[in-house]
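> just the structure for this:
(chains A and B)
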Amino acid sequence: MSVVVNERVEPQPDTQRQPLVKLVGVKKWFKLTRGIVFQKVVGHVHAVDGVDLEVYPGETVGLVGETGCGKSTLARVVMRLYDLTDGELWFDGQDISHMHGGDLRALRRDMQMIFQDPYASLNPRKTVGAIIGEPFRLHGTVPRNRIESEVKQLMELVGLNPEHFNRYPHAFSGGQRQRIGFARALALRPKLIVCDEPVSALDVSIQAQIVNLLEDLQEEFNLTYLFIAHDLSVVKHVSDRVAVMYLGKIVELAPGETLYRNPKHPYTGALMSAVPIADPDMAAQKKRIILEGDVPSPIDPPSGCRFHPRCYRAQFPICREEQPELEAHHPGQVAACHFPLEDRAVLTEGSSEAAGSAS
Amino acid sequence: MPEPVLEVKDLKVHFPTEDGLVKAVDGVSLSVAPGETLGVVGESGSGKSVSFLTVMGLVTRKDAYISGEVLFRGQDLLKLPPEEMRHIRGAKISMIFQDPLTALNPVHRVGNQIAEVFQVHRKTSKKEAFGEAVNLLQLVGIPQPQARARQYPHEFSGGMRQRAMIAMALALNPDVLIADEPTTALDVTVQAQILELIDRLKQEFDASVVLITHDLGVVAEHCDDIMVMYAGKPVEFGERRDIYYGAHHPYTWGLMQSISRIDQPRDERLKPIKGQPPSLIHVPPGCSFNPRCPYAMPICRKETPQMIPVNGHHASACHLPLVEKERILKEEVLVRR
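Numbers count the residues shown, from 1 in each chain, chains lettered A, B, ... in the order given. Predicted coordinates for the structure are as follows:
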């Protein structure tokens, strides 16, 4: 078995380590059909269209982008909930792109997922104890007579009262339900947890509780997270590196702080400038870049750079004709743009210094 | 000070349910000056939406117990007969909602839905009204308004639906626009577009805006005055700078410390507010925030604190002595930022 070395996502701080998850040119297209009996394929939704990404053990990679950019599809591809249309998916040194049946089920012990809507992802007819204990029963990792005590331990770990073992999901609040989801995901001691918008449905004061839990669990179990959210502030807070997706492609990948201070891709710049900052003075220092229009349809994505129809820096014809490749900028930063932004294009001032003097 | 356009005095909205009386709104007072943007911040269940649905006369449950005053240019809307209220709602005060898809009728063309406003309120002809609708769509930045007006809501993207809602809300040049979480369902880039649009149209139409949201960032960038609500009551009110740099209520502090901010380094750990928001049936006695408050004193469990003004505009409802508030603010809250 040979590991394909991917040259495009090069500048890694730690290239000696083997990535836990590795995507090479991963594509996921959905067929569009017409007709009822003879379903003719009339096109494809290019949900994920050639993504290279490496996730190292113990790190958190954030995935951001607008609705329809393919971030959730990518998460489901990594979980192998979808088959790949093209490309390779490696997990823990193993090519799992075409794995099926029992092998795949066994693999899922090492990769778990947490969903946005904690209520929809819990069976309302089962007690919390049964829900959290389900992975033990399915995978047989714990003898039946010990399941209950294991479950209670897990409940304690995620901050639930173990006495609530026999309650049903409806008796819990949104934040508590998300904790149940975490307990279930942790049951088999996975290596990777894919979090798809885990805090988006929660109230602000509860979000912080869950974000802190996420960080504690990562430390305790050396977990690797693929963290998807549309809230850039949360993503930046939890992630070591953040990947920005646009129409099925990663357009920029960088450590969160670099991404915020010195975005290179104009799309990242626009995203960063659009994030509201809960501090009027700091907000005033920010340049506002307002994008026009909406994300184009992924059925027929624009030629060349996919962002060119909305881009405020596009020059023609090159942006329309030539697809930019990911190029290295700051340490750990890659961006795919013909005319990358200068440093500090969005922020005019170093805000952390200003914050320090305010106190 | 100019005469407020909208003034709410001690508004209470209680709903009887099988489990007990839900005190959704329990003593809200506020005023909106002409041309001002008021931000109303709170978590789900804090009563921020119900307060303004009541202002709009949209709380229709017959058994709802509503008391207090809602004064629009001095006229109490709560005492107005439904027919007269209909002339004010949508014409003088209008509202947009979080989810524009459920707020729009799926089986009517967008243009016709906007045109209906003119037909109902101004008795204009159908054709004329449709022309007005097209103009409005253009005003809110929808490309090809002629063609778009003939489309159905499902053919619009989320951002465009919200633009259409705004067009409808502004059709009759209202004095007050109430925006209830107008951008919560939208992406940040589209959120920025919509908030910019509201700001611009506010100037053009010379209207006041009430922006209801849970996002402290949105409020920081777009509001003049801010009211923080908790469990059906306002807990703090002030100008934007009072709230962000001089907050006096532990709940406001908690909110500010619990959000992750993009301009902060990530090694800072978030400080969540402990516990859950209370049930509105069994609101804790005394200050409703006391079970979650790190500074709670014995009096907090017995006596409900009143909104006490500090300097002019700024007021907060908390038993902590002012000196203590200033100390905590300086030593614990602002330090972290």
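
> C-alpha only now, for contacts and for neighbours.
Fine.

> tell me the mean pLDDT over the helix or strand encompassing B:Q162?
Assigned by DSSP states H and E, B:Q162 falls within helix B:158-170. Regarding helix B:158-170, the rounded mean pLDDT is 90.

> name the helices or strands packed onto it?
Secondary-structure packing of helix B:158-170 (3 or more CA pairs under 8 Å, 6 or more residues apart in numbering or on different chains; DSSP states H and E): strand B:93-96, helix B:100-103, helix B:110-122, helix B:126-139, helix B:188-205.

> among the ones you listed, which is nearest chain A?
Minimum separation from chain A across these (CA to the nearest CA) falls at helix B:188-205, 5.5 Å.

> for chain A, what are the nearby residues on the stretch 1-150 of chain B?
Neighbours of chain A within the stretch 1-150 of chain B, by CA under 8 Å from any CA of the partner chain: B:43-44.

> before we move on, back to that, same list (the helices and strands packed on helix B:158-170) but as JSON lines, adding distance to A:P298, mean neighbour count and mean pLDDT.
Formatted as JSON lines, the helices and strands packed on helix B:158-170 follow (distance: least, CA to CA, whole Å; neighbours: other CA atoms under 10 Å in any protein chain shown; pLDDT from 0 to 100):
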{"stretch": "strand B:93-96", "distance to A:P298": "30", "mean neighbour count": "23", "mean pLDDT": "94"}
{"stretch": "helix B:100-103", "distance to A:P298": "22", "mean neighbour count": "16", "mean pLDDT": "84"}
{"stretch": "helix B:110-122", "distance to A:P298": "25", "mean neighbour count": "21", "mean pLDDT": "93"}
{"stretch": "helix B:126-139", "distance to A:P298": "26", "mean neighbour count": "19", "mean pLDDT": "93"}
{"stretch": "helix B:188-205", "distance to A:P298": "18", "mean neighbour count": "19", "mean pLDDT": "89"}
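
> now render the ones you listed as CSV, adding distance to B:R240.
Below are those laid out as CSV (distance: least, CA to CA, whole Å):
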stretch, distance to B:R240
strand B:93-96, 23
helix B:100-103, 28
helix B:110-122, 34
helix B:126-139, 29
helix B:188-205, 16
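
> nearest to A:K236, out of the ones you listed?
helix B:188-205 (14.4 Å; CA to CA).

> quick one: residues contacting B:G158.
Shown in contact with B:G158 (CA atoms under 8 Å, 6 or more residues apart in numbering or on different chains): B:100-101, B:185-186.

> next one: A:L253
So A:L253 contacts A:241-244, A:259, A:332-335 (CA under 8 Å, 6+ apart).

> so the most centrally placed residue in chain B: helix, strand or coil?
Among the residues of chain B, the one closest to the centroid is B:I212, at 2.1 Å (CA atoms, centre = their mean). Following DSSP: H, G, I helix; E, B strand; the rest coil, B:I212 is assigned to strand.

> so where is chain B shaky, pLDDT-wise?
Residues of chain B meeting the criterion pLDDT under 70: B:1, B:336-337.

> determine which two of the contacts of B:G158 are furthest apart.
Farthest pair in these, by CA to CA: B:L101 and B:L186, 11.9 Å.

> quick one, strands of the stretch 201-337 of chain B?
B:208-213, B:225-230, B:233-239, B:308-311, B:314-316 (DSSP state E, counting those that start in this stretch).

> using PDB, write out every CA atom in the second one.
If I follow you right, that is strand B:225-230. Presented in PDB, the C-alpha positions along strand B:225-230 are these (Å, rounded to 0.1, in the frame of the first residue of the first chain):
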ATOM      1  CA  ASP B 225     -30.000  52.000  22.000                       C
ATOM      2  CA  ILE B 226     -30.000  48.500  23.400                       C
ATOM      3  CA  MET B 227     -32.400  46.700  25.700                       C
ATOM      4  CA  VAL B 228     -31.400  43.400  27.200                       C
ATOM      5  CA  MET B 229     -34.200  41.100  28.200                       C
ATOM      6  CA  TYR B 230     -34.300  38.000  30.400                       C
END
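
> neighbours of the residue lying closest to B:R89 once chain neighbours are set aside, just the number please.
Nearest residue to B:R89, sequence neighbours excluded (CA to CA, 6 or more residues apart in numbering or on different chains): B:M56, at 6.2 Å. For B:M56, the count of nearby residues is 21 (other CA atoms under 10 Å in any protein chain shown).

> OK, contacts around B:M56?
Counting by CA under 8 Å, 6+ apart, the residues that B:M56 touches are B:89, B:93-95.

> what would those residues look like in a markdown table with distance to A:F221?
Formatted as a markdown table, the contacts of B:M56 follow (distance: CA to CA, whole Å):
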| residue | distance to A:F221 |
| --- | --- |
| B:R89 | 56 |
| B:I93 | 54 |
| B:S94 | 52 |
| B:M95 | 48 |
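
> of all those, which comes closest to A:G25?
Closest to A:G25, out of all of those and judged by CA to CA, is B:M95, at 47.0 Å.

> pretty sure that closest one contacts B:A179?
Yes. Using CA atoms under 8 Å, B:M95 is in contact with B:A179, at 5.7 Å.

> now residue 155. Its backbone dihedrals?
Looking at chain A here, since you left the chain open. Backbone geometry at A:M155, expressed as degrees, to the nearest 10, gives phi -60, psi -40.

> if you could check chain B rather than the one you did, that'd help
Dihedral angles (degrees, to the nearest 10) for B:E155: phi -90, psi -10.

> do you know the pLDDT at the residue of the stretch 251-359 of chain A found nearest chain B?
Residue nearest to chain B within the stretch 251-359 of chain A: A:A278 (3.8 Å; CA to the nearest CA). Note on A:A278: pLDDT of 87.

> re the thing from before, do you know which of the strands of the stretch 201-337 of chain B lies nearest A:A75?
That would be strand B:208-213 among the strands of the stretch 201-337 of chain B, by CA to CA, at 29.6 Å.

> chain B contacts on the stretch 1-150 of chain A?
A:66-67.

> can you give me the helices in the stretch 1-150 of chain A?
Applying DSSP state H, counting those that start in this stretch to the stretch 1-150 of chain A gives helices spanning A:71-78, A:101-107, A:128-139, A:144-157.

> which of those helices sits most buried?
helix A:71-78 (a mean of 22; mean count of other CA atoms under 10 Å in any protein chain shown).

> return that one as PDB; C-alpha atoms alone will do.
Extracted C-alpha coordinates of helix A:71-78, given in PDB (Å, rounded to 0.1, in the frame of the first residue of the first chain):
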ATOM      1  CA  LYS A  71     -19.500  21.600   3.700                       C
ATOM      2  CA  SER A  72     -22.100  19.200   5.100                       C
ATOM      3  CA  THR A  73     -21.700  16.900   2.100                       C
ATOM      4  CA  LEU A  74     -18.000  16.800   2.600                       C
ATOM      5  CA  ALA A  75     -18.600  15.800   6.300                       C
ATOM      6  CA  ARG A  76     -20.800  13.000   5.200                       C
ATOM      7  CA  VAL A  77     -18.300  11.900   2.600                       C
ATOM      8  CA  VAL A  78     -15.600  11.700   5.300                       C
END
